[in-house]
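Undergrad: Predicted model and sequence follow; I will ask about them next.
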Amino acid sequence: MMDSDLSPQDKKDLDKFIKFFALKTVQVIVQARLGEKVCTRSLSSPTGSDWFNLAIKDIPEVTHEAKKALSGQLPGIGRSMCVEISLKTSEGDSMELETWCLEMNEKCDKDIKVSYTVYNRLSLLLKSLLAITRVTPAYKLSRKQGHDYVILYRFVFLYTDKCYHYFDRQFERTAPIMGIIIDHFVERPFGNMGHMRPCNYRAPGEDEGAYNGVEDSQEVCTTSFSTSPPSQMGIPGKEGGVPQQVPVQPCHGAQAEHGRVSSCPPADHVPATPSSSGEGAETLSRSIEVKGVSPCDVLETTFTRKVGAFVNKPGTQVTTASLDLPFAAFAPRAYDLEENDPMVQPPESPATSSPLQGSLHSQGSGESGGPAQDDFVMVDFKPAFSKDDLLPMDLGTFYREFQNPPQLASLTIDVSSQSMAEDLDSLPEKLAVYEKNIDEFDAFVDTLQ
Amino acid sequence: MNCRSEVLEVSVEGRQVDEAMLALLHTILLHRSTGKFHYKKEGTYSIGTVGTQDIDCDYIDFSFVRVSSDELDRVIRKAVGEFKDAMGNGTDGMGQISLEFYQKKKSRWPFSDECIPWEVWSIKVNVVNLANEQERQICREKVGEKLGEKVINIVEVINQHEYLPKMPTQSEVDNVFDTSLKDVQPYLYKITFQITDTLGTSVSTTMRRLIKDTLAL
């Protein structure tokens, strides 16, 4: 139906049909992934509350999330309501299984009536969706969810005119069934796994909050869901358990991996917690606060170095900004810690109690450049398992001499600031040198064989 | 008006015939059934609600959705049972079961009402015998996949909207819909079948030949 040809009443009806069609569509998809058989009764007398004359229950949380994803908008030409279904294992691994997209195309049938034919066709489409959702491979997986994995869902509202090329590149488009494009077992087109909701459902008896006639329900869903089945899933703190109260942010654009920046509204009130995404403990513990979801924002990082054993000085806290460097966590800082790190620059020794110790420490202190500390008490460095301290190059001396090796050139800031282009430019020269000396290399390889 | 005709072909094991036919016939009927009509004054009517039910197959790795109507299910099961009996139990063979949607056109006396088909679904079935359990297990999965493809075919065809009978007035509703069921109202339909023996000839052809030969003696 062309919007311009519709009367105001027809336009209003059409918008209402599309809205409730979208809400029913997501219910059908999510309920088909709950892991249980769905059964609803036929009623010979109309109740006035069953949209499209189909008995489709409304799970309040699903409706709530769908409405938030829609944010008052409707699927249309270039605007797609997507349901992403993914699998998450008990170890925390996840994989996207399928994405259901609801959108409109530009085909127009001017001869049909909105209030009758369009309504019946939407009903037919819902029946088709009921049939199709049982046929895709994800259905079998969802029926077996429990101990080892759970099925999650997420709603995203996309402007498909910005990301059609992404979809074309990523996977083969099947012929749409009047606007439903079915893709399953594809790479995840969206960003991280945050905001995924589990496809689980409390046992019957819970208030489901069905619609009151054609009026939009104003109820806010506060229902929380237990793990399903409760006796099997015992992974507290993971996403398979009680769903986090994290709202799904409608994304006006694709968080495509090719680098397009989406104009998502800032999520200042939704902190990202790396621990919940499965990062393990690291020797360098760090806390990251994301100030905004735009990747253009500068990340403020605070590094707290863990204090090693036998070190008297407290750990040094360093703050950096604008981390453009790869492996920046491992790069030394401009205001280098080495100058203050007692493990690297041992302080000058006070007067020693024996000539032997004095000779050792004077050797060591010759290398040091740190400030003298009067209250520092030198302790003989006697490495474990060392046989004889009197030998010229004992283990202790060796350790002291080589504990401060020169920094690798590739890790210094100066070198790393060399541009990639310069590196690439120097490659031909290097290759020419290697080719010139190819006989030497071949001879070397022969010696190894 | 030309009748739309669609043909689906499946190869199944003997014990899978029932479930395969039920899956496909119920999928078609799900799309061709509405809620019960309740006519009001001034020519308006309201429509009842169609419920749905998930059915798991026992001999096929497949699940399908049917209309929640035990009455309709009994009618379809009866027809499929007769088809399977005609096919023979555990023997190779080919057959075809057809689901035809039609409209009745009232004729004047002495002519009887005319049945005009507007959509015919023909399901050609090839029954195979399998030697061992491993083959049967493979067959379970393969037939499940095939049925999934057929469901998608059905859905694609049905959503290419061609012809549907107009919604009838109260006096003509029995010419378009089967109003005999209590809970749902499918379009008028009939189920017929035809059996082909292993030689590729239909039973009717064989009978005709027998009669001819007898008369020739």
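TA: Done, it's in. Numbering: from 1, shown residues only, chains lettered A, B, ... in the order given.

Undergrad: Please make it C-alpha for all contacts and neighbour counts, starting now.
TA: OK.

Undergrad: Secondary structure class of residue A:398, three-state.
TA: For residue A:398, the assignment made with DSSP: H, G, I helix; E, B strand; the rest coil gives helix.

Undergrad: How many neighbouring residues does it have?
TA: The number of residues packed near residue A:398 is 11, by other Cα atoms under 10 Å in any protein chain shown.

Undergrad: what's the following helix or strand after the lengthiest strand in chain B?
TA: Longest strand in chain B by number of residues (criterion: DSSP state E): strand B:114-128. Going down the chain from strand B:114-128, the next helix or strand is helix B:133-158, by DSSP states H and E.

Undergrad: Show me what the helix or strand following that next one is packed against.
TA: Counting by DSSP H and E, the next helix or strand C-terminal to helix B:133-158 is helix B:173-176. Contacts defined by 3 or more Cα pairs under 8 Å, 6 or more residues apart in numbering or on different chains; DSSP states H and E place helix B:173-176 against strand B:93-105.

Undergrad: What parts of the stretch 1-150 of chain A come near chain B?
TA: Residues of the stretch 1-150 of chain A lying close to chain B by Cα under 8 Å from any Cα of the partner chain are A:37-47, A:50, A:53-56, A:124-125, A:127-128, A:130-132, A:134-136.

Undergrad: ok so, going back, and the angle from the longest strand of chain B to helix B:133-158?
TA: Counting by axes from the mean of the first three to the mean of the last three Cα atoms, to 10 degrees, strand B:114-128 lies at 150 degrees to helix B:133-158.

Undergrad: ok, longest helix in chain A?
TA: helix A:8-31 (DSSP state H).

Undergrad: got the contact list for it?
TA: A:3, A:38, A:51, A:56-59, A:62-63, A:66-67, A:74-75, A:81, A:83, A:102, A:114-115, A:119, A:122, A:126, A:129-130, A:133, A:153, A:199 (Cα atoms under 8 Å, 6 or more residues apart in numbering or on different chains).

Undergrad: Which of the residues you listed fall in helices?
TA: A:62, A:63, A:66, A:67, A:119, A:122, A:126, A:129, A:130.

Undergrad: mean confidence for stretch B:182-196?
TA: On average, the pLDDT along stretch B:182-196 is 92.

Undergrad: Who is the spatially most central residue of chain B paired with across the strands?
TA: Centroid-nearest residue in chain B: residue B:99, 3.6 Å away (criterion: Cα atoms, centre = their mean). Here residue B:99 shows beta-bridge partners residue B:121, residue B:191, assigned using DSSP bridges.

Undergrad: And it, how far from residue B:186?
TA: Applying Cα to Cα, to the nearest Å, the value for residue B:99 to residue B:186 is 12 Å.

Undergrad: tell me which parts of chain B are close to chain A?
TA: So chain B meets chain A at B:27, B:30-31, B:34-36, B:38, B:46-55, B:62-65, B:67-69, B:148, B:151-152, B:155-156, B:159, B:182-184 (Cα under 8 Å from any Cα).

Undergrad: Out of these, which sit inside helices?
TA: Among these, the ones falling in helices (DSSP H) are B:27, B:30, B:31, B:148, B:151, B:152, B:155, B:156.

Undergrad: can those residues go into CSV with extra columns for neighbour count?
TA: Output for these, formatted as CSV (neighbours: other Cα atoms under 10 Å in any protein chain shown):
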residue, neighbour count
B:27, 24
B:30, 23
B:31, 23
B:148, 23
B:151, 24
B:152, 18
B:155, 22
B:156, 16
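
Undergrad: Throw together a PyMOL command that grabs the buried residues out of the contacts of helix A:8-31.
TA: The buried residues among the contacts of helix A:8-31 can be selected in PyMOL (16 or more other Cα atoms under 10 Å in any protein chain shown) with this line:
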select buried, chain A and resi 38+51+56+57+58+59+62+63+66+67+74+75+81+83+102+114+119+122+126+129+130+133+153+199
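
Undergrad: Give me the phi and psi for residue A:141.
TA: In terms of degrees, to the nearest 10, the main-chain angles of residue A:141 are phi -60, psi -40.

Undergrad: same question, residue A:40
TA: Main-chain torsions, residue A:40, degrees, to the nearest 10: phi -130, psi 150.

Undergrad: you'd agree it is up against residue B:65?
TA: No. Using Cα atoms under 8 Å, residue A:40 makes no contact with residue B:65, being 11.1 Å away.

Undergrad: What is the burial count for residue 40?
TA: I'll assume chain A. The local packing of residue A:40 (other Cα under 10 Å) involves 17 other residues.

Undergrad: meant chain B, my bad for not saying
TA: When neighbours are counted by other Cα under 10 Å, residue B:40 registers 10.

Undergrad: For it, which non-adjacent residue is spatially closest?
TA: With sequence-adjacent residues excluded and distances taken as Cα to Cα, 6 or more residues apart in numbering or on different chains, residue B:40 is closest to residue B:46, at 7.6 Å.

Undergrad: For the one you found, name its beta-bridge partners.
TA: Legend: beta-bridge partners of residue B:46 under DSSP bridges are residue B:38.

Undergrad: And residue A:158, by the same measure?
TA: Applying DSSP bridges to residue A:158 yields these beta-bridge partners: residue A:80.

Undergrad: Help me confirm that it comes into contact with residue A:80.
TA: Yes. Look at residue A:158 against residue A:80 with Cα under 8 Å: they come within range, at 5.0 Å.

Undergrad: just to revisit the earlier point, local confidence estimate at the residue nearest to the centre of chain B?
TA: On the pLDDT scale, residue B:99 is placed at 96.

Undergrad: residues contacting it?
TA: Shown in contact with residue B:99 (Cα under 8 Å, 6+ apart): B:25, B:120, B:121, B:122, B:189, B:190, B:191, B:192.

Undergrad: Farthest-apart pair in the residues you listed, please.
TA: Greatest spatial distance among the contacts of residue B:99 (Cα to Cα): B:122 and B:189, at 12.9 Å.

Undergrad: what are the phi and psi angles of residue 57?
TA: Going with chain A. Main-chain torsions, residue A:57, degrees, to the nearest 10: phi -70, psi 160.

Undergrad: separation between it and chain B?
TA: Distance of residue A:57 to chain B, given as Cα to the nearest Cα, to the nearest Å: 10 Å.

Undergrad: mind checking pLDDT for that residue?
TA: Residue A:57 carries a pLDDT value of 92.
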